[in-house]
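>>> Quick one, structure for this:
(one chain, ligands or ions: 1)
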Amino acid sequence: MRSYIEECDFFKGIDPEEIAGKYGTPTYVYNEEIIRKRMREVANVITKYPYRANYSMKANSNLTILKIALEEGLNADAMSEGEMRLLIKAGFPSDRIFFVPNNVDRSELQFAIDNGIMTSLDSLDQLDLFGRLNPGGKCSVRINPGVGAGHHEKVVTAGKKTKFGVAEEDVDKIFEIAEKYDLKIAEINQHVGSQYLDPEPFLAAVENFLRIAEKFDSLEYIDFGGGYGIPYHKLDDEARFDMASFTERFTALLDVYAAKYKDRLPLFKSEPGRYCVAEGGVILGRVHACKQNAGKKYAGTDIGMNVLARPTLYDSYHDIEILHKGKAVSRDVLEEISVSGNICESGDLLCKERPLAHIETGDLVCVLDAGAYGYSMSSSYNTRPRAAEVLITKEGKDVLIRRRETYDDLFALFPEINS
Ligand SMILES: Cc1ncc(COP(=O)(O)O)c(C=O)c1O
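Residues are numbered from 1 along each chain as shown. Reported below is the predicted structural model:
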C-alpha cells in the first residue's frame, strides 16, 4: 500500500495542514465512517444466536465516540467508576453497561450496585465483598480459563501467569460464596488477551469456556471477552483479521452448546475495544528537528510517549506516513530514520531505524492506527498538556471533540494556586 490515508481518503478531502493549523499539533484525528464500519462488524459477529458486543471503552473513552457506539447498538464495558460515569453521561442505560473491574474498593462496587449495573467480580475476595454489599443480588464472575493470547506479555490477560480472574479449580468456592449471600451468578466472563490476528487461541478459549459454563446453572449471559486484532503493518499490506471465517468457526462452537441448552440459551457476549476504534484514528504531529547522531538520522517530533505510550510501553509498531505540505511523501525511496518525541527519555521513540519516506523539518508525521489505547493511555508527563481530538464526520467536516488541555487545566489541582 502506498499511502493509507490517501487510499481511504482518511481526512475526507480536508488538507491535514489545515487541521494542524486550526487545532495545533499533536492532534488525534478520527474518521467517523471507519469507526462506525468497524463497530457494525463487531455487532454482527454472531447472528444465529442472541448476541451482543460490548464496546470496551478503555480503548477510547472520548464522549463523542461513546455516543457513536451507543448509536451503533453496542453495549459497553467499563473498567472503573470513571468509565461508568462517562457511559451514563453518554446516554447508556444501566442495562447496557457491564462493569469489569479488578481490585476495587467498596465504593466503586457500591456505585455499580446503586446504578443497577451488572458487575463482574475478578476474585473470590471481591465476590465476597460484593455479597456483603448486595446480598440477594446478581453478578458475573470473571473466570481465568487457563489459556491466554495477545501481542505482548503485558496484554495477555488469562492463563496461569496473569493476575486476572478466578481459577477454574476454585469454581466450587464461587458457589459457596454465592450460597452464603444468596447471590445469583447470572453470568461468567473471560478475556484472554489483546491484538490477536490468529483466532486459534481465542476459539480454543471459547470452547474451553463453554465447557466451564456447564458447571453453572441457568446462566443468563456468557461473555467471551475481546481482543480481535487489526493490521498495524498495513503499509506492508498485512492481512486483516478474517471476520467471515471467524464468525463461521465461532458459530460452530456455539452450535454445540446451543444443541444442549436450546430451551435456556444465554445471551452470548464479546468485549472488543481495539477493533472498533484503532484504525479510525491517527495522530498528526510536527517534525521540529532533524539530525544525524553517529551516522543515524533522527526526526524529532511533538508526538512523545506522553501522547502515544504504546511504542515505549509494548514496543508496539505503528505505521508512519510523512506529509510534506499536506501530501503523503512517496515511499518509492526510503531512508532509515528513528522518529522520536520531545520527552526527556531515551525510550521516547515512535520507531527505531525504520525505512521511511524522506522527512524534513516542518513536515507533518501521521501515525496510523492510533485510535485505540492512544489518547486513553496518554499522560501529561514532562508537564505537557494532553493533545486535542478532532472528528472527521461522515459529512466530511472537522469537529473538535476534545479540546487540547491547557496549563491552567494541569495546574488546577494544586491548592496553593487555587486559594
Ligand atoms: C476485560 C477486558 N475486556 C475487553 C478488553 C478489550 O480488548 P481489545 O481492545 O483488545 O479488544 C480488555 C482489554 O484489555 C479487557 O481487559
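>>> How many neighbouring residues does the residue of the stretch 251-400 of the chain at minimum distance from the ligand have?
Nearest residue of the stretch 251-400 of the chain to the ligand (Cβ to the nearest ligand atom) works out as Gly273 at 2.8 Å. All C-beta atoms are positioned from the backbone trio N, CA, C, and that covers glycine. For Gly273, the count of nearby residues is 26 (other Cβ atoms under 10 Å).
>>> Help me confirm that Pro231 is found in a helix?
No - remark: Pro231 does not belong to a helix; assigned using DSSP: H, G, I helix; E, B strand; the rest coil, it is coil.
>>> so how far is Lys48 from the residue nearest to Ile88 when sequence neighbours are not counted?
Nearest non-adjacent residue to Ile88, counting by Cβ to Cβ, 6 or more residues apart in numbering: Asn115, 7.1 Å away. Going from Asn115 to Lys48 by Cβ to Cβ, to the nearest Å gives 32 Å.
>>> same question, Gly131
From Gly131 to Lys48 the distance is 36 Å (Cβ to Cβ).
>>> These two: which is more packed in?
Shown here are Gly131 and Lys48; by other Cβ under 10 Å, Gly131 has more neighbours (20 against 13).
>>> can you tell me the helix or strand for that one?
Under the criterion of DSSP states H and E, Gly131 resides in helix 124-133.
>>> Buried residues of that helix, list them for me.
Going by neighbour count (16 or more other Cβ atoms under 10 Å), the buried part of helix 124-133 is Leu124, Gln126, Leu127, Asp128, Leu129, Phe130, Gly131, Leu133.
>>> The ligand contacts on the chain?
Neighbours of the ligand within the chain, by Cβ under 6 Å from any ligand atom: 56, 58-59, 77, 100, 157, 191, 194-195, 225-228, 271-275.
>>> Mind putting the buried residues of helix 124-133 into TSV with distance to Lys234 and pLDDT?
Output for the buried residues of helix 124-133, formatted as TSV (distance: Cβ to Cβ, whole Å; pLDDT from 0 to 100):
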residue	distance to Lys234	pLDDT
Leu124	43	97
Gln126	40	97
Leu127	42	98
Asp128	47	98
Leu129	44	98
Phe130	43	98
Gly131	47	98
Leu133	46	98
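>>> Quick check: of these, which lies closest to the ligand?
Of all the buried residues of helix 124-133, Gln126 has the smallest distance to the ligand: 14.0 Å, by Cβ to the nearest ligand atom.
>>> Go ahead and confirm that closest one touches Val104.
Yes - with contact defined as Cβ atoms under 8 Å, Gln126 and Val104 form a contacting pair (7.2 Å).
>>> Quick one: list the elements packing against the helix or strand containing Val282.
Applying DSSP H and E as the criterion places Val282 in strand 281-293. Helices and strands touching strand 281-293, by 3 or more Cβ pairs under 8 Å, 6 or more residues apart in numbering; DSSP states H and E, are helix 16-23, strand 27-31, strand 296-301, strand 364-367.
>>> Give me the buried positions along that strand.
Gly281, Val282, Ile283, Leu284, Gly285, Arg286, Val287.
>>> hang on, isn't the fourth one packed against Pro26?
Okay, so that is Leu284. Yes - between Leu284 and Pro26 a contact is recorded at 6.7 Å, counting by Cβ under 8 Å.
>>> quick one: the helices in the stretch 51-200 of the chain?
Along the stretch 51-200 of the chain, counting by DSSP state H, counting those that start in this stretch, helices occupy 63-71, 81-90, 106-114, 124-133, 171-181, 200-213.
>>> Now the element after the longest one, going C-ward?
Using DSSP H and E, the helix or strand that follows helix 200-213 towards the C-terminus is strand 221-223.
>>> now what about the very next helix or strand once past that following strand, what contacts it?
The helix or strand immediately downstream of strand 221-223 is helix 243-260, counting by DSSP H and E. Outside helix 243-260, the residues that touch it by Cβ atoms under 8 Å, 6 or more residues apart in numbering are 41, 44-49, 199, 203, 206-207, 210, 213-214, 228, 265, 268.
>>> Now do Thr64 against the ligand, distance only.
19 Å (Cβ to the nearest ligand atom, to the nearest Å).
>>> Contact partners for that residue?
By Cβ under 8 Å, 6+ apart, Thr64 lies in contact with Leu391, Val399, Ile401.
>>> Where does pLDDT dip in the stretch 201-350 of the chain?
Judged by pLDDT under 70, the stretch 201-350 of the chain has no weakly predicted residues.
>>> Out of the helices and strands packed on strand 281-293, which is the most enclosed?
Highest mean neighbour count among these (mean count of other Cβ atoms under 10 Å): strand 27-31, with a mean of 26.
>>> contacting residues around that one?
Contact partners of strand 27-31, identified using Cβ under 8 Å, 6+ apart, comprise 8, 10-12, 16, 19-20, 62, 65, 277, 280-284, 370-371, 374-375, 387-392, 398, 401, 404.
>>> what's the answer for stretch 314-329, then?
Contacts of stretch 314-329 with the rest of the structure, by Cβ under 8 Å, 6+ apart, involve 2-6, 15-18, 151-152, 154-155, 232-235, 308, 310-311, 339, 350-351, 354, 356-360, 363-370.
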